[in-house]
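Asker: Test case, fold it:
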Amino acid sequence: MTSTTTPAPRTEPPTSQIRYSQDFPAEHRRFVEKSIESMIERSSAETARRRADAAERAAISRALYAPLIRLAQQDPDTADMLRKADETPVPFDEDLAHPQRTDSRGNHPETTATLDVRAGAQIFGIPYHFEWAWHDPAGGRPFKIVVDRDNGRVAIDGRAGPKIGGAEDFVSARAGFGVTLETDHVVSVMGRAYRTTDDHYTVGAGFGGDATAEGGTDLTVFENGNFIASAVDKRWRKRVSNEVDVYSSGGFGPGAVIDVLWTMRPGNTYTFNVGAWVYADRNDGLGNTWSQSDIIANLIFMSVFR
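Answerer: Below you'll find the predicted structure:
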C-alpha cells in the first residue's frame, strides 16, 4: 500500500493508494492503512460471492439460449444485423471525471446545509485528514478516478466491456476521505456525512447476456484498523438482459440520511470514512455487452456526535 504527503489531486491510482495531510500523525498511519486493507478485503469477498452466484445463473442462461444463438449466427441476415449492431456507437458519458467537472471548487453547485450543532458535536470539513482510493484486484481498473481532498470531491468512472474501452469482465472501485478520532473515556458515537452526487449509468446486453451497474456512497468506521460499522446509500442499481438502458440524474442531488453508530474506548484509534463507489459487470450473450457506472460526489462535511 502506497502513502505520500502530497495533497494534490491524482488520477489512475494503483490497486490502492492513501494520501495524508502534511500534519497527519505518523503513529496513526498504520491504523489508516489497515482500515483500507480491511475495506478492500470485505468488499472483495462480497463481490466474489455475488459474482459466483451470478455465474451460476449465467451458465444456466447460456445453456438455455445456446441452440437459439447458434441458429441466429448461422442465418446470413441475422449475422449481418448483429455486425451492424456491433458497429453502432454505445451511448455513454465520455465527459465523466474530466478536469472541468472535478478540479475547481468554483465549479461546484452552490450548497446550503443547516446544522443543528449541539454539545458534543464535532464537524470535520474540507480538507479531511486523508484521502484513499482502491479497486478490487480481482477485476479491472476503473476507466478513471479523480480524488480531490482540497475540494472534497470524488469522481469514478467504471466500465466493463471492450466496446466502451472497459475491463473484460467487471470493475468495483471506491474512493473517499477520512478522519481519525480518539477519546479519553467510553462514549457512544453517531457519525454522519453530508453528500451530494451526480449519477450516471449505461448498460446494454444482447440476447442471452446481461449487464449490471450500481453506485452510491457509504460510511465506514474502524477501530485500530478493524471494521466495526458501516452504512450504505445505494444511489442506483440496474441490470438488463436483451436491452439497453441509459440514466442520468441530471445534476447534483443530496444523498439519503445515513449514519453509523459505535462505541469509542480510551487507548484506541478510530478511522471514520466517507466514500463513493461504483460497480460495473457483464456476461456475454449474442452481440455486445457493456456496463458503465459513474458518479461524481461532493463529500462536503463529516459530523460526529458524542
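Asker: Quick check: buried residues in stretch 267-274?
Answerer: Of all the residues in stretch 267-274, those buried under the rule 16 or more other CB atoms under 10 Å are 269-274. For every residue, glycine as well, the C-beta is placed using N, CA and C.
Asker: In contact with the residue nearest to N273 when sequence neighbours are not counted: list those residues for me.
Answerer: Nearest non-adjacent residue to N273, counting by CB to CB, 6 or more residues apart in numbering: G178, 4.0 Å away. Each residue near G178 by CB atoms under 8 Å, 6 or more residues apart in numbering is listed here: 32, 35, 128-132, 271-274.
Asker: Among the residues you listed, which one lies nearest to M190?
Answerer: F272 (10.8 Å; CB to CB).
Asker: surely that closest one meets L181?
Answerer: Yes - under the criterion of CB atoms under 8 Å, F272 makes contact with L181 at 6.1 Å.
Asker: so what's in contact with these two at the same time?
Answerer: Residues touching both F272 and L181 (CB under 8 Å, 6+ apart) are V304.
Asker: hang on, the earlier thing: bridging across strands, which residues link to the residue nearest to N273?
Answerer: Note on G178: beta-bridge partners by DSSP bridges are F130, N273.
Asker: Alpha carbons of the strand or helix carrying A213, as CSV, please.
Answerer: For A213, the host element (DSSP states H and E) is strand 210-223. Provided in CSV are the C-alpha atoms of strand 210-223 (Å, rounded to 0.1, in the frame of the first residue of the first chain):
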residue,chain,number,x,y,z
ASP,A,210,-26.7,-9.4,-19.0
ALA,A,211,-25.1,-6.2,-17.7
THR,A,212,-25.3,-4.6,-14.2
ALA,A,213,-24.5,-1.1,-13.0
GLU,A,214,-24.5,0.1,-9.4
GLY,A,215,-23.2,3.0,-7.4
GLY,A,216,-23.6,5.2,-4.4
THR,A,217,-21.9,6.5,-1.2
ASP,A,218,-21.1,5.0,2.2
LEU,A,219,-19.7,5.5,5.7
THR,A,220,-17.3,3.1,7.4
VAL,A,221,-15.7,3.0,10.9
PHE,A,222,-12.7,1.1,12.0
GLU,A,223,-11.1,0.6,15.4
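Asker: For A256, see how far away the residue nearest to N273 is.
Answerer: Distance of G178 to A256, computed by CB to CB, to the nearest Å: 20 Å.
Asker: S172: what's it in contact with?
Answerer: With CB under 8 Å, 6+ apart as the criterion, the residues that contact S172 are 43-44, 47, 135-136, 139, 158, 277-279.
Asker: at 7 Å what do you get?
Answerer: 43, 47, 135-136, 139, 279 (CB atoms under 7 Å, 6 or more residues apart in numbering).
Asker: Which PyMOL command selects the buried ones in those?
Answerer: Applying 16+ other CB under 10 Å to these, the buried members can be selected in PyMOL as follows:
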select buried, resi 43+47+135+136+139+279
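Asker: ok, of the contacts of S172, which one's closest to R239?
Answerer: Among the contacts of S172, and counting by CB to CB, the member closest to R239 is Y279, at 10.9 Å.
Asker: Skip the chain neighbours and tell me the closest residue to that closest one.
Answerer: E214 (4.2 Å).
Asker: Model confidence for I228, exactly?
Answerer: We have a pLDDT of 97 for I228.
Asker: Please name the strands paired to the helix or strand containing S188 in the sheet, noting orientation.
Answerer: Applying DSSP H and E as the criterion places S188 in strand 187-205. Looking at strand 187-205 with DSSP bridges, its partner strands are strand 243-248 (antiparallel), strand 253-254 (antiparallel), strand 260-264 (antiparallel), strand 290-305 (antiparallel).
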